[in-house]
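Student: one predicted model, sequence on top.
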Amino acid sequence: MAEVKKIAVLTSGGDSQGMNAALRAVVRSGLYYGLEVYGIQRGYQGLLENDITQMDLRSVGDIIQRGGTILRSARCEEFKTPEGQQKGADILNQHGIDGLVVIGGDGSYHGANKLSKLGIKTMGLPGTIDNDISFTDYTIGFDTAVSVVVDAVNKLRDTMSSHARSSVVEVMGRHCGDIALHAGLASGAETILVPEVEYNLDEVAARLRENFAKGKRHSIIIVAEGVGRGEDIVCDLKECHASIDARVTVLGHIQRGGAPTPFDRNLASRLGDFAVRSLINGESDKGCGIIKGELVLTDIDKVVNTKKEFDRDLYDLALRLSQ
Ligand SMILES: Nc1ncnc2c1ncn2[C@@H]1O[C@H](COP(=O)(O)OP(=O)(O)O)[C@@H](O)[C@H]1O
Ligand SMILES: O=P(O)(O)OC[C@H]1O[C@](O)(COP(=O)(O)O)[C@@H](O)[C@@H]1O
Ligand SMILES: [Mg+2]
């Protein structure tokens, strides 16, 4: 087994809170174990542009508390081609880099998988607010994004109650309903619309009317972007159920900003260190995750080809409790 001596790290795809904490852990653990560590700017785009610099202990100082990523991030179309991937592997080989830690979402994992087939040892760290990566209970940034949504819903409740209105809140997550589900449960939303569960607008409207009849002074409907636009839901409600006074709020990229929660910082620190130790132990082409508190490695192929399981029990609980 060839010993790993030089590793690199990059952040790719949509940034997420805690990517910096993960980066810090990779660099500091790598140096602790005697490796040389390099940082690649702007994900696979920076790799193809050879934008690579050596990192030291101080280059990751004062970042554990910061959102975003000091390495910056990008989406890179060229890297999706076999030629782009070969070019990336060649550049890493020219630097003598034998291990790469990719901090990103499912798309970035695909890229890592391709590089490993070209002889680069790779590790994936789940850095995305979406929580759409399998074989980990949580992704880095998800907890912070959920807390941003909950904070926003708290504020919306104040004004919605004053006017006896319904608030439709559109949240991110691509095809995954986890941000909507967890934020909905934590904020006591009356309705949670996610791509994993079919819904019927008439039933949503009936529930809103029932809630107001029961004496509720407002109603919160959280819509995952994978279901559709919050604005369309408000329009449909207005068209078919004129008595319902609803307003839409699209939280957008606010969900990706701000200081990571302690949960995300600790998750990132544990996973970053785990990725480095796994590379040293000769592992490659693996996604790092945490399941029931335990650190686990899973083949990236398997991670990207398995749909994240939706927690239907949690969904039903949220609805039961928001009567
Ligand atoms: N099938 C693929 N093969 C190789 N690289 C990919 C593939 N899919 C995505 N990537 C790379 O990963 C980058 C980030 O992917 P994206 O899906 O945008 O974000 P995320 O990693 O956060 O899910 C893409 O811009 C591209 O460079
Ligand atoms: O930042 P962009 O390019 O507008 O993309 C928005 C998308 O990125 C995300 O915030 C994060 O997704 P990824 O982690 O897959 O990049 C999604 O929730 C959202 O749909
Ligand atoms: Mg993704």
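Tutor: Yep, it's here. Ligands and ions are numbered 1, 2, ... in the order given.
Student: is my assumption valid that residue 260 occupies a position in a helix?
Tutor: No: looking at residue 260 with DSSP: H, G, I helix; E, B strand; the rest coil, it is coil, so not inside a helix.
Student: the residue of the chain found nearest ligand 3 - how many residues pack around it?
Tutor: As assessed by C-beta to the ion, ligand 3 sits closest to residue 105 within the chain, at 3.1 Å. All C-beta atoms are positioned from the backbone trio N, CA, C, and that covers glycine. Using other C-beta atoms under 10 Å, residue 105 has 24 neighbouring residues.
Student: give the closest residue to it in space, chain neighbours not counted.
Tutor: Closest residue to residue 105 apart from its sequence neighbours, by C-beta to C-beta, 6 or more residues apart in numbering: residue 128 at 3.5 Å.
Student: who touches that neighbour in this structure?
Tutor: 13-14, 16, 104-106, 139-142 (C-beta atoms under 8 Å, 6 or more residues apart in numbering).
Student: again, only this time at 10 Å
Tutor: 12-16, 19, 103-109, 139-142, 145, 172-174, 176, 256 (C-beta atoms under 10 Å, 6 or more residues apart in numbering).
Student: from those residues, which would you call buried?
Tutor: Among those, those classed as buried by 16 or more other C-beta atoms under 10 Å are 12-16, 19, 103-109, 139-142, 145, 172-174, 176, 256.
Student: can you name the residue of the stretch 151-300 of the chain nearest to ligand 2?
Tutor: Ligand 2 sits closest to residue 172 of the stretch 151-300 of the chain, with a gap of 3.2 Å, by C-beta to the nearest ligand atom.
Student: quick one, what contacts the residue in the stretch 1-150 of the chain that ligand 2 sits nearest to?
Tutor: Closest approach between the stretch 1-150 of the chain and ligand 2, counting by C-beta to the nearest ligand atom: residue 14, at 2.6 Å. Residues near residue 14 by C-beta under 10 Å, 6+ apart: 73, 75, 104-105, 107-108, 127-130, 141, 172, 174, 253, 256.
Student: next, the residue nearest to residue 141 when sequence neighbours are not counted: phi, psi?
Tutor: The spatial neighbour of residue 141 that comes closest, neighbours along the chain excluded (C-beta to C-beta, 6+ apart), is residue 16 at 2.6 Å. When quoted as degrees, to the nearest 10, the phi and psi of residue 16 stand at phi -150, psi 150.
Student: measure residue 16 to residue 131 for me?
Tutor: 10 Å (C-beta to C-beta, to the nearest Å).
Student: overlap in contacts, these two.
Tutor: Common neighbours of residue 16 and residue 131 (C-beta under 10 Å, 6+ apart) are 105, 139-142, 145.
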